[in-house]
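In: Predicted model and sequence follow; I will ask about them next.
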Amino acid sequence: MSSPPRAGVRSKRITPEFLTQLRNLRIVVLHPRDADGEVLIQQLQRIGCQVQTFWPPVQDLPDKVDVVYYAIQSNEMHAPLNFSNFEQPPAVIAVVGYENPTIFEVMLRMGATGVLSAPLRSTGVLASLVLTVGLTQEMRGYKKRVQRLEQKLLSVNQINDAKAILMRTRGVSDAEAYKIIREQAMSKRIPTEEIARAIIHADEILSGR
């Protein structure tokens with residue numbers, strides 16, 4: 001009898017759309033053109049990915065990259081990848097031939113979310129891609145949710161601060177203060193948060209802060 005899925009673990013369905021997305025990925029391979037590099041490049045091309053290769057590694061990546069495969073070698077200096085021109089940084093999959101603290105430190109520093117162990121075999125490339133792309137999508141979804149919650153919390157705090165100012169300066173109740181903010185927002189057809197920010201700003205000016 002199979003055990004039920006653990007709470008909080010979301011299943012990722014491998015839909016035709018997801019597979020199409022994999023075939024359309026734009027991938028940069030930072031790996032020597034040795035036997036492992038050829039296995040990696042050929043397998044990615046068989047999947048249908050658009051592949052660009054560079055070695056030695058480049059710090060500034062081409063525009064519009066979805067995934068980076070990066071060979072981490074113990075005898076090489078690994079400059080950090082520059083993601084400043086990306087709205088969403090690409091996912092990074094580390095390719096490692098050794099396991100030691102230095103390699104692990106480099107992996108964590110570059111933000112790798114997947115790993116392939118050398119010597120490479122074609123059977124592991126697609127699995128690493130599926131797992132990394134799926135995890136990256138989940139992480140981006142969680143990040144958006146956190147940003148929305150943070151913005152909502154900020155708005156609530158601003159409205160509470162504005163209500164406190166009205167209660168202090170006009171001698172009204174909490175409910176009456178919120179009614180004033182809401183009516184002003186409705187009359188001007190703007191969010192209540194904007195009215196709250198205006199009240200806070202005016203109070204700062206009048207109080208000399």
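Out: Noted; the coordinates are in hand.

In: Mind listing what's buried along stretch 173-181?
Out: By neighbour count with 16 or more other Cβ atoms under 10 Å, stretch 173-181 contains the buried residues 177-178, 180-181. (Glycine included, C-beta is placed from N, CA and C.)

In: would CSV of those with pLDDT and secondary structure be doable?
Out: Conversion of these to CSV gives the following (pLDDT from 0 to 100; DSSP: H, G, I helix; E, B strand; the rest coil):
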residue, pLDDT, secondary structure
177, 95, helix
178, 94, helix
180, 94, helix
181, 94, helix
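
In: Using JSON lines, please lay out the residues you listed together with distance to residue 151.
Out: Listed next are the buried residues of stretch 173-181 as JSON lines, based on distance: Cβ to Cβ, whole Å:
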{"residue": "177", "distance to residue 151": "22"}
{"residue": "178", "distance to residue 151": "19"}
{"residue": "180", "distance to residue 151": "23"}
{"residue": "181", "distance to residue 151": "18"}
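
In: List the buried residues in stretch 104-121.
Out: Judged by neighbour count using 16+ other Cβ under 10 Å, the buried positions of stretch 104-121 are 106-107, 110, 112-116, 118, 120.

In: now the residue of the chain most remote from its centre: how far from residue 201?
Out: Distance from the C-alpha centroid of the chain peaks at residue 171, with 46.0 Å (Cα atoms, centre = their mean). Distance, residue 171 to residue 201, using Cβ to Cβ, to the nearest Å: 21 Å.
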